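In: generate coordinates for the sequence data below:
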Amino acid sequence: MKDPHDIILKPLITEKSTALMEENKYSFVVDKSANKIDIKRAVEEIFDVQVRAVNTISMKGKQRRVGMHRGYRPDWKKAIVTLQAGSKPIELFE
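Out: Below you'll find the predicted structure:
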């Protein structure tokens, strides 16, 4: 297994993800090759919480322009992690 910090790249903090925290759901940017089992183990190891479910979404990179040149931002993967009821909140988001 990879190092958990190589799987969970960074937390995703947006208005929508902040609203989901009330439902015990937390969003992360994860490695594109990581599967749900790897993500679950990494979150449990890093934050010492119990994970109930993991949902993943592959996000396409947006088109960007610089002058007359066009390009794309890189593709990335998002994971929404649901914690067990009664589990302590992740302090990184507090």
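
In: helices of this structure, residue ranges please.
Out: With DSSP state H, the ranges of helices along the chain come out as 4-7, 15-20, 36-47.

In: closest to Phe28 out of those helices?
Out: Among those, helix 36-47 comes nearest to Phe28, with 7.5 Å by Cβ to Cβ. Where C-beta positions appear, they are placed from N, C-alpha and C, glycine not excepted.

In: what's that closest one packed up against?
Out: helix 4-7, strand 8-11, strand 25-30, strand 51-59, strand 76-83 (3 or more Cβ pairs under 8 Å, 6 or more residues apart in numbering; DSSP states H and E).

In: how much space separates Pro89 from Ser58?
Out: Counting by Cβ to Cβ, to the nearest Å, the gap from Pro89 to Ser58 is 27 Å.

In: compare the two (neighbour count), which wins?
Out: For Pro89 versus Ser58, neighbours defined as other Cβ atoms under 10 Å are more numerous around Pro89 (13 against 9).

In: what's the separation between the more buried one and Ala19?
Out: For Pro89, the distance to Ala19 - Cβ to Cβ - is 14 Å.

In: kindly report the same for Asn55.
Out: Asn55 is 16 Å from Ala19, by Cβ to Cβ.

In: ok, the two, which is more surrounded?
Out: Neighbour count, other Cβ under 10 Å: between Asn55 and Ala19, Asn55 has more, with 13 against 10.

In: can I assume the more buried one is in contact with Ile80?
Out: Yes - if you go by Cβ atoms under 8 Å, Asn55 and Ile80 touch, sitting 4.6 Å apart.

In: Arg73: which of the helices of the chain is closest?
Out: Short answer: helix 15-20, nearest of these by Cβ to Cβ, at 18.9 Å.
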